[in-house]
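> Prediction below, plus the sequence it came from.
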Amino acid sequence: MDKGTTAVGYTNKHQQTVVRKTDEPGNDHLQRVYVLKCAVCGHEYGANGSDIWQRRCPKHDKGAPGLAYSL
């Protein structure tokens with residue numbers, strides 16, 4: 001069931017907002033990389049779609065490193 005966590009503009013409880021979906025494969029089963037942006041520090045990074053709801057910023061909030069993606 002889609003809960004909207006991959007929709008552009010979705011912001012999770014840690015203030016990480018979905019910027020866009022990429023065509024890059026994620027590192028979790030059948031996932032794609034999404035670009036997230038931290039509302040606190042502005043850092044952008046890649047994450048699996050399945051992880052968006054729980055992601056924390058890797059730059060300032062001890063989150064897991066971001067996934068690679070093409071600009």
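Arrived safely. Because the structure is a prediction, the values reported are computed rather than measured. Numbers count the residues shown, from 1 in each chain.

> So what touches stretch 24-43?
Contacts of stretch 24-43 from elsewhere in the structure, counted by Cβ atoms under 8 Å, 6 or more residues apart in numbering, are 6, 11, 15-23, 44-52, 55, 57-61, 66-70. No exception for glycine: its C-beta is placed from N, CA and C like everyone else's.

> Check which residues of that stretch are buried.
Along stretch 24-43, the positions that meet the burial threshold by neighbour count (16 or more other Cβ atoms under 10 Å) are 24, 26, 31-38, 43.

> Sort out for me which of those are in strands.
With strands identified by DSSP state E, the entries of those that belong to them are 24, 32-38.

> Out of the contacts of stretch 24-43, which end up buried?
By neighbour count, with 16+ other Cβ under 10 Å, the contacts of stretch 24-43 hold 6, 16-18, 22, 45-52, 55, 57-59, 66-67, 69 as buried.

> What is the burial count for residue 13?
Each residue near residue 13 was counted by other Cβ atoms under 10 Å, and the total is 9.

> what's the helix or strand for it?
Using DSSP states H and E, residue 13 sits within no helix or strand.

> give me phi/psi at residue 52?
Torsion angles at residue 52 (phi, psi; degrees, to the nearest 10) stand at phi -50, psi -40.

> Return the residues in contact with the closest residue to it other than its chain neighbours.
Of all residues beyond its chain neighbours, the one nearest residue 52 is residue 5 (4.8 Å), with distances taken as Cβ to Cβ, 6 or more residues apart in numbering. Listed by Cβ under 8 Å, 6+ apart, the contact set of residue 5 reads 12, 18, 49, 52-53.

> that's a helix at residue 69, yeah?
No - for residue 69, which was evaluated using DSSP: H, G, I helix; E, B strand; the rest coil, the result is coil, with no helix membership.

> Give the closest residue to it in space, chain neighbours not counted.
With sequence-adjacent residues excluded and distances taken as Cβ to Cβ, 6+ apart, residue 69 is closest to residue 46, at 4.2 Å.
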